[in-house]
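*Asks:* Got a sequence here, can you model it:
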Amino acid sequence: MNSMHGYKYYLYNIFQIFNHKYFKGWGRKKTGKFASWCYQKFGGSLILKEDGFIRSMDLGIKGSPSFSLVEDKKGIYYDATGESDLENILNSYDFNADEALIQKAEDAMDLIKKYHISKYNNAANISDDFFKDKGKKRILIIAQTAGDASLEYGLGNKFTTKQMIDEAMNENLNASVYLKIHPDVLVGKKESDIKREEIPKECIILDEDMNPISLLKNFSKVYTKTSGMGMEAIILGLEVVCYGLPYYAGWGLTIDKQTCIRRTQKLSIEELFAGAYILYTRYYNPYRKRPSDIIDVINEIVLQKKKAKHEKIQRAQSQWR
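*Replies:* Presented below is the predicted three-dimensional model:
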């Protein structure tokens, strides 16, 4: 959705110092930090960008074209250390007066659940016989990548993933406890926020890339620091325990280990989804080369997934070392 990357942002913002002072960059990445510094030093206006919550067919790290973008004038959605446009939307928008918006949110969530739409849509669904512990309660812990900006700015680093695993196992003594490894780790692009030797032997490691919605449908409770999968678990109606302060925490829908005094509203799932996925996010269809909305984007992803003919994952094959 935006062709300007890296050094071009630095050149652009330097130019803006002497012109309109319209600064922009990517979130809390280097370009966003530089844009924020320029804004604080010289005034003007600031926009910080990030990928949206339904991002692409394949991983962004592989260069897959993006379906969505957020632009924030206050902060960025994963930074709980200060306000953001998303936080302000969720605090102040009159959802009760916008029935059409809530209906659109419900329709989009129904499609997400039916067609397993996630941030990235390259992974296969799991097969019906993937899990062998039939009838047993399953708990999912979501590992993230080491150095993830959402861990730092979402205050997730106050806890270790090992602490999260230990507490999940102690709180769910009769359940099967699974740990999902991040897809960027599985393809060798990044390091995990937990080392394999730190994982208790009783914890079952999921180190195969698989569709998140397909996976989450097999669990009743999720533990996370700041992962976007926590929001997808909320959409599915699962119990979600948050150790950090992701954008979806603090609104009465999650069990929170930390609090954010700025988040004052109690929201429904539909309101939270509408605020984040619809009001806060812009959509573009890279396959049709046109501005889009969430429903059109989901339908396009469904079409592209059918063309790709994803096969179901039969069993986990260890790739992470």
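
*Asks:* Next secondary structure element downstream of the biggest helix by length in the chain?
*Replies:* Longest helix in the chain by number of residues (criterion: DSSP state H): helix 99-115. Counting by DSSP states H and E, the next helix or strand C-terminal to helix 99-115 is strand 138-142.

*Asks:* Distance from the chain centre to that following strand, please.
*Replies:* 16 Å (Cα atoms, centre = their mean, to the nearest Å).

*Asks:* after that strand, next one along is what?
*Replies:* Following strand 138-142 toward the C-terminus (DSSP H and E): helix 149-153.

*Asks:* Can I get that following helix in PDB, CA atoms only?
*Replies:* Below are the C-alpha coordinates for helix 149-153, written out as PDB (Å, rounded to 0.1, in the frame of the first residue of the first chain):
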ATOM      1  CA  ALA A 149       8.400  -4.100  19.200                       C
ATOM      2  CA  SER A 150       5.000  -5.000  20.600                       C
ATOM      3  CA  LEU A 151       6.700  -6.700  23.500                       C
ATOM      4  CA  GLU A 152       8.700  -3.600  24.400                       C
ATOM      5  CA  TYR A 153       6.000  -1.000  23.900                       C
END
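
*Asks:* For Ile194, give me its contacts.
*Replies:* 143, 160-162, 165, 179 (Cβ atoms under 8 Å, 6 or more residues apart in numbering). The way it works is simple: take the backbone N, C-alpha and C, and place the C-beta from them, glycine included.

*Asks:* What about those residues, which are in strands?
*Replies:* Leu179 (DSSP state E).

*Asks:* can you give me the mean pLDDT across stretch 100-117?
*Replies:* When pLDDT is averaged over stretch 100-117, the result is 99.

*Asks:* which other residues reach it?
*Replies:* Taking Cβ under 8 Å, 6+ apart as the rule, stretch 100-117 contacts 54, 95, 118, 125, 211-214, 232, 235-236, 269-271, 273-274, 277-279, 294-295, 298-299, 301-302, 305.

*Asks:* Filter these down to the buried ones, PyMOL style.
*Replies:* To isolate the buried members of the contacts of stretch 100-117 in PyMOL, using 16 or more other Cβ atoms under 10 Å:
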select buried, resi 54+95+118+125+211+212+213+214+232+235+236+269+270+271+273+274+277+278+279+294+298+301+302+305
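
*Asks:* Out of the contacts of stretch 100-117, which sit inside helices?
*Replies:* Per DSSP H, the subset of the contacts of stretch 100-117 in helices is 212-214, 232, 235, 269-271, 273, 294-295, 298-299, 301-302, 305.

*Asks:* can you name the two of these that are farthest apart?
*Replies:* Glu271 and Lys305 (28.2 Å; Cβ to Cβ).

*Asks:* and Asn285, backbone torsions?
*Replies:* The phi/psi pair for Asn285 (degrees, to the nearest 10) reads phi -100, psi 100.

*Asks:* who's it bridged to?
*Replies:* Arg290 (DSSP bridges).

*Asks:* what stretches of this structure score poorly on pLDDT?
*Replies:* Applying pLDDT under 70 to the chain flags the ranges 1-5, 310-321.

*Asks:* Counting neighbours, which bits of the longest strand along it end up buried?
*Replies:* For the chain, the strand with the greatest residue count under DSSP E is strand 45-51. Going by neighbour count (16+ other Cβ under 10 Å), the buried part of strand 45-51 is 46-51.

*Asks:* from the ones in helices among the contacts of stretch 100-117, which single one is nearest Arg288?
*Replies:* Using Cβ to Cβ, the ones in helices among the contacts of stretch 100-117 come closest to Arg288 at Asn299, 10.6 Å.

*Asks:* if we take the buried residues of strand 45-51, which one ends up nearest to Leu253?
*Replies:* Among the buried residues of strand 45-51, and counting by Cβ to Cβ, the member closest to Leu253 is Glu50, at 21.7 Å.

*Asks:* Under a three-state scheme, what state does the residue nearest to Trp251 when sequence neighbours are not counted occupy?
*Replies:* Excluding the flanking residues, the one nearest Trp251 by Cβ to Cβ, 6 or more residues apart in numbering is Leu267, at 4.3 Å. Here Leu267 is coil, with the state taken from DSSP: H, G, I helix; E, B strand; the rest coil.

*Asks:* how much space is there between Leu267 and Ala276?
*Replies:* Distance of Leu267 to Ala276, computed by Cβ to Cβ, to the nearest Å: 10 Å.

*Asks:* cool, Arg263 as well?
*Replies:* 13 Å.

*Asks:* sorry, back to before: pick out the most distant pair among the contacts of Ile194.
*Replies:* Of all pairs in these, the most separated under Cβ to Cβ is Thr160 and Leu179 at 13.1 Å.

*Asks:* which of these two has more neighbours?
*Replies:* Leu179 (23 against 15; other Cβ atoms under 10 Å).

*Asks:* partners of the more buried one in the sheet?
*Replies:* Going by DSSP bridges, Leu179 forms beta bridges with Ile141, Ile205.
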